[in-house]
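**Student:** mind looking at a prediction? Sequence and model below.
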Amino acid sequence: MVSSAPILIAPDRRLKTRCKPIDEVDDSIRRRLDEMLVTMYEAPGIGLAGPQIGDERRLVVIDVAREGDPPAPMKLVNPEVTWFSDETCLMSEGCLSIPDVYYDVKRPERVKFTYLDETGTEREQEADGLLARCIQHEIDHLNGILFIDHVSMLKRNMALTKMKKLKAQRAGKRTLRD
Ligand code: ZN
C-alpha cells in the first residue's frame, strides 16, 4: 500500500530548483511515481511534479480525466516539450503548492512532448486543451518555475504573501497541538 507524501507550499527553495534527469527507470522510480499519484488524487489535483514533494528529479504525474470518467493516470519520466504551437490561449491555473490561488496564464495552446514511461520506453505525444496546459505547468516545476512566475509581479507578491500567512498558520496549529 502506497501512502501519500506532504506537498510543499511556496515559497520554498526546493520549488525553485532545476531538477535532475533520471538515468534509469527502476522499481524505486516506479514506487515514487505511485506515491506521487496517490498524493495527487488525495489532494485532489490533476498534476504533480517531483519537487512538490521534495524530490528534485524529473518526475511528473497527471490525470486530466473528467469527473465521472474512469481515471487516466499518466506517469512521465524526464518529460520535455519538443514543440509549441504559435497559437496561445488564456486559461485559469492553480497549483497544489499555492493552494486557493487562481490566475489566468497565457501559454501555447498545443504542444508535442517526449518522456519515458514507467517501463523506461521513450514515448512521444501531442496534446491540446487541459492536457497541453497541465504538461507545460508540470514541466515548468521541473525547471523551478511556478505558474505565478508567468503573471505580474503584483499578483505574484499577493500570492506569496498569502502563502506565507498560510504556512505561519499551519505552523502555529502544529505547535498548539504538540
Ligand atoms: Zn503546480
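**Tutor:** Noted; the coordinates are in hand.

**Student:** mind listing the helices for the chain?
**Tutor:** Secondary structure of the chain (DSSP state H): helices at 27-42, 129-142, 153-177.

**Student:** got a list of contacts for the shortest one?
**Tutor:** The one in question is helix 129-142. In this structure, residues lying in contact with helix 129-142 by Cβ atoms under 8 Å, 6 or more residues apart in numbering are 15, 18-19, 46-52, 58, 60, 62, 64, 76, 79-81, 91, 93, 95, 107-111, 113, 127, 146-147, 149. In this view, the C-beta of every residue, glycine as well, is placed from N, C-alpha and C.

**Student:** let's see that with 7 Å instead.
**Tutor:** Outside helix 129-142, the residues that touch it by Cβ atoms under 7 Å, 6 or more residues apart in numbering are 19, 46-47, 49, 51-52, 58, 60, 62, 64, 79, 81, 91, 93, 107, 109-111, 113, 127, 147.

**Student:** and what of the first one?
**Tutor:** Helix 27-42 is touched from outside by 2-5, 7, 22, 47-48, 53, 55, 59, 61, 73, 75, 77, 118, with contacts defined as Cβ under 7 Å, 6+ apart.

**Student:** how about a cut-off of 8 Å?
**Tutor:** 2-5, 7, 22, 46-48, 50, 53, 55, 59, 61, 63, 71, 73, 75, 77, 96, 118.

**Student:** alpha carbons only: can I get it in PDB?
**Tutor:** Output of helix 27-42 as PDB, limited to C-alpha atoms (Å, rounded to 0.1, in the frame of the first residue of the first chain):
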ATOM      1  CA  ASP A  27      11.500  -0.100  -9.100                       C
ATOM      2  CA  SER A  28      12.300   2.800  -6.800                       C
ATOM      3  CA  ILE A  29      11.200   5.300  -9.500                       C
ATOM      4  CA  ARG A  30       8.000   3.300 -10.100                       C
ATOM      5  CA  ARG A  31       7.300   3.400  -6.400                       C
ATOM      6  CA  ARG A  32       7.900   7.100  -6.300                       C
ATOM      7  CA  LEU A  33       5.500   7.700  -9.300                       C
ATOM      8  CA  ASP A  34       2.800   5.600  -7.500                       C
ATOM      9  CA  GLU A  35       3.400   7.700  -4.300                       C
ATOM     10  CA  MET A  36       3.000  10.900  -6.400                       C
ATOM     11  CA  LEU A  37      -0.200   9.600  -7.900                       C
ATOM     12  CA  VAL A  38      -1.700   8.800  -4.500                       C
ATOM     13  CA  THR A  39      -0.600  12.200  -3.300                       C
ATOM     14  CA  MET A  40      -2.200  14.000  -6.300                       C
ATOM     15  CA  TYR A  41      -5.500  12.100  -6.100                       C
ATOM     16  CA  GLU A  42      -5.700  12.700  -2.300                       C
END
